[in-house]
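> below: sequence and its predicted model.
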Amino acid sequence: MTPIDRVFIIGPMGAGKTTIGRRLARRLGLGFMDLDEALEARTGVDIPRIFDIEGEAGFRRREAMLLDELTRCPATVLATGGGAVLDPANRERLAARGVVVYLQTSVAAQLRRTRGSSRPLIQGEDPETRLTELMATRGPIYESLADVIVGTEDGNPERVAERLADRLQQPGPVHA
Ligand SMILES: Nc1ncnc2c1ncn2[C@@H]1O[C@H](COP(=O)(O)OP(=O)(O)OP(=O)(O)O)[C@@H](O)[C@H]1O
Ligand SMILES: O=C(O)C1=C[C@@H](O)[C@@H](O)[C@H](O)C1
Ligand SMILES: [Mg+2]
């Protein structure tokens, strides 16, 4: 069996990409990186600030450049940002360089998990409608890009990570 070298986690805000990605990496004996956190570390400001100064377009440019760099790192689980899959070049890189895992979740769970957060795209008056709209456009993209799809409604991130690690370690076509 070929050992897993790179795993890319995709999915919407609050799906658990950061939380489960970190646990998955530990289980697989891989390093962990988070695209949002890496971008904040590189720029020295948080994501809401990047949106304020450069707009979403500026944020997406930085996100794409860093994704190109981080998807080349060996022995890594990389949690991406919720909107990283919108860019076709990003999608090509993710698909070509590793196993893509989609963490699927309901809007209700996303709402619970992101309540009170500073994520710029859900700062309006009606985050539920916003999350529903985002899922309508992005859901099909997540699904078509994924090698593996895992539900995260289970309230225990460690158990989700365990299920996912088992699945990735089984022989079969998910191995990139
Ligand atoms: N399976 C789960 N069950 C319950 N809570 C969870 C689960 N996964 C994550 N959480 C909680 O939901 C919150 C959001 O999770 P996390 O930050 O990992 O999401 P994310 O997908 O990385 O979001 P973003 O795209 O905004 O970075 C955290 O407080 C985390 O503890
Ligand atoms: O869904 C999105 O487009 C985003 C999700 C977050 O991970 C961050 O990358 C940023 O807030 C944008
Ligand atoms: Mg995250």
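Yep, it's here. Ligands and ions are numbered 1, 2, ... in the order given.

> was I right to think residue 138 contacts residue 13?
No - between residue 138 and residue 13 there is no contact under C-beta atoms under 8 Å: 10.2 Å. To be clear about C-beta, it is placed using only N, CA and C from the backbone, and glycine gets the same treatment.

> which one's more surrounded, those two?
Using other C-beta atoms under 10 Å as the criterion, residue 138 and residue 13 rank with residue 13 on top: 22 against 17.

> three-state assignment of the more buried one?
Secondary structure for residue 13, judged by DSSP: H, G, I helix; E, B strand; the rest coil, is coil.

> surely it touches residue 119?
Yes - between residue 13 and residue 119 there is a contact under C-beta under 8 Å: 5.5 Å.

> enumerate the residues of the protein near ligand 3.
Proximity of the chain to ligand 3 (C-beta under 5 Å from the ion) is limited to residues 17, 18.

> what about the longest helix in the chain?
helix 47-70 (DSSP state H).

> is there proximity between that one and ligand 2?
Yes - counting by C-beta under 6 Å from any ligand atom, ligand 2 is contacted by helix 47-70 at residue 47.

> in that helix, what's buried?
47, 50, 51, 59, 60, 62, 63, 66, 67, 70 (16 or more other C-beta atoms under 10 Å).

> pull the most distant pair out of the residues you listed.
Farthest-apart pair in the buried residues of helix 47-70 is 51 and 70; separation 20.3 Å (C-beta to C-beta).

> residue of the protein closest to ligand 1, please.
Among all residues of the chain, residue 16 sits closest to ligand 1, at 2.7 Å; criterion: C-beta to the nearest ligand atom.

> state the number of residues packed around that residue.
Residue 16: 23 neighbours (other C-beta under 10 Å).

> cool, and residue 131?
The burial count for residue 131: 22, using other C-beta under 10 Å.
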